[in-house]
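Asks: mind looking at a prediction? Sequence and model below.
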Amino acid sequence: MRPQFSIIFFTTLAGMAQGLLFFIALLNMEAAVLSAPFLLMLALPVSFILLTLGLVASFFHLGHPERAWRAAMMWRTSWLSREVIALPAVMLMTAMTFFFVASGMVPAWIWGMLLISILALWICTAKIYQCIRFIQEWSHPSTLSNFILLGLTSGGLLLEFLLMLWNDPGAPFGIGLISGLNFILLFIALNLKLWIWRRNQKLKPKSNLASATGIKGSNIRQTSMGFMGGSFNTREFFHHQTDRVISNIRKIILLMSYIGPMILLAFSMNSPNIAQIAIALLMHYIGLLAERWMFFAEANHPQNLYYQRVS
């Protein structure tokens, strides 16, 4: 598939905000672990800004942005429509949380509802791709797991950076502990990603030239691309990059998304440094952009059996 950068930015920015909100809600569920000034002046506004930027980025994917409201009308059958509803729901819950914290009285149910809305948005986003059964790379539970894990890793790194930026001496837990937890999350996410890549490399098309073209026979050989020139099919369902480019992007993903931040977090466990965490967060997000590009690029649409490149 040809990656759409608007969707790449939407999923990574919204995922980071979801991860940040998830940890905020989880930590404050039983007691006010994170201080109200930190939430009001830094954490909640940052998460809302990220959600807003993600929402704005998603509009660039629409042919007619003025009709975006119609996307929610198919919520009974479409995961995309459900996502269109879930994203504003998360933003609404974030705003409600802000006002409850500002009032000084935060009921326990607000954190629970925030968690539920975050999980619902993750599920809706991942299910848009996971429900497409004829794209084997996506049609697997690992799609949802990968979306959630990378949202948690980016959100966890952002929370750690914001806590160090806030520099509250009365914080109830050490930055070294947060670094250790983020390290574990990155390690799990790395192993999941390696497993996904191994699985995708072993996949074989369920169709062949005979079933793709409708021509019966055992010795069918393709000699043309299906079109003399370009078309929607040849533009939108293949990334048009060489194997060397794909291989280099995989290396960038491993280094920037996982290995580099894990090394910095390992040093931060003993001697926390805001510069290290800032670099780890920046590296991880750049790697996330590459990872999400690869998520779309490695999806092999069955129609490519017919509109394939012929050397």
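Replies: Sure thing, it's come through.

Asks: could you use CA atoms for every contact and neighbour count after this?
Replies: Will do.

Asks: now the strand or helix carrying G176: buried residues?
Replies: Counting by DSSP states H and E, the element that carries G176 is helix 175-202. Buried positions in helix 175-202, judged by neighbour count with 16 or more other C-alpha atoms under 10 Å: 175-176, 178-183, 185-190, 192-193, 196, 200.

Asks: would you mind pulling up the elements that that helix packs against?
Replies: helix 142-166, helix 260-268 (3 or more C-alpha pairs under 8 Å, 6 or more residues apart in numbering; DSSP states H and E).

Asks: please enumerate residues in contact with the following helix or strand past the last one?
Replies: Put plainly, it is helix 260-268. Downstream of helix 260-268, the first helix or strand assigned by DSSP H and E is helix 274-297. For helix 274-297, contacts defined as C-alpha atoms under 8 Å, 6 or more residues apart in numbering pick out 1-5, 8-9, 12, 150, 154, 157-158, 160-161, 164-165, 238-239, 246, 249-250, 252-258, 260-262, 264-265, 268.

Asks: buried subset of these?
Replies: Among the contacts of helix 274-297, those scoring as buried are 1-5, 8-9, 12, 150, 154, 157-158, 160-161, 164, 238-239, 249-250, 252-258, 260-262, 264-265, 268 (criterion: 16+ other C-alpha under 10 Å).

Asks: could the helices and strands packed on helix 175-202 go into a markdown table alongside distance to N233?
Replies: Output for the helices and strands packed on helix 175-202, formatted as a markdown table (distance: least, C-alpha to C-alpha, whole Å):
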| stretch | distance to N233 |
| --- | --- |
| helix 142-166 | 24 |
| helix 260-268 | 38 |
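
Asks: which one of the ones you listed lies nearest to I110?
Replies: Taking C-alpha to C-alpha, helix 142-166 is the member of these nearest to I110, at 19.5 Å.

Asks: how far off helix 175-202 does the closest one point, in degrees?
Replies: Calculated by axes from the mean of the first three to the mean of the last three C-alpha atoms, to 10 degrees, helix 142-166 forms an angle of 160 degrees with helix 175-202.

Asks: other SSEs contacting helix 142-166?
Replies: By 3+ C-alpha pairs under 8 Å, 6+ apart, helix 142-166 packs against helix 5-27, helix 108-130, helix 175-202, helix 274-297.
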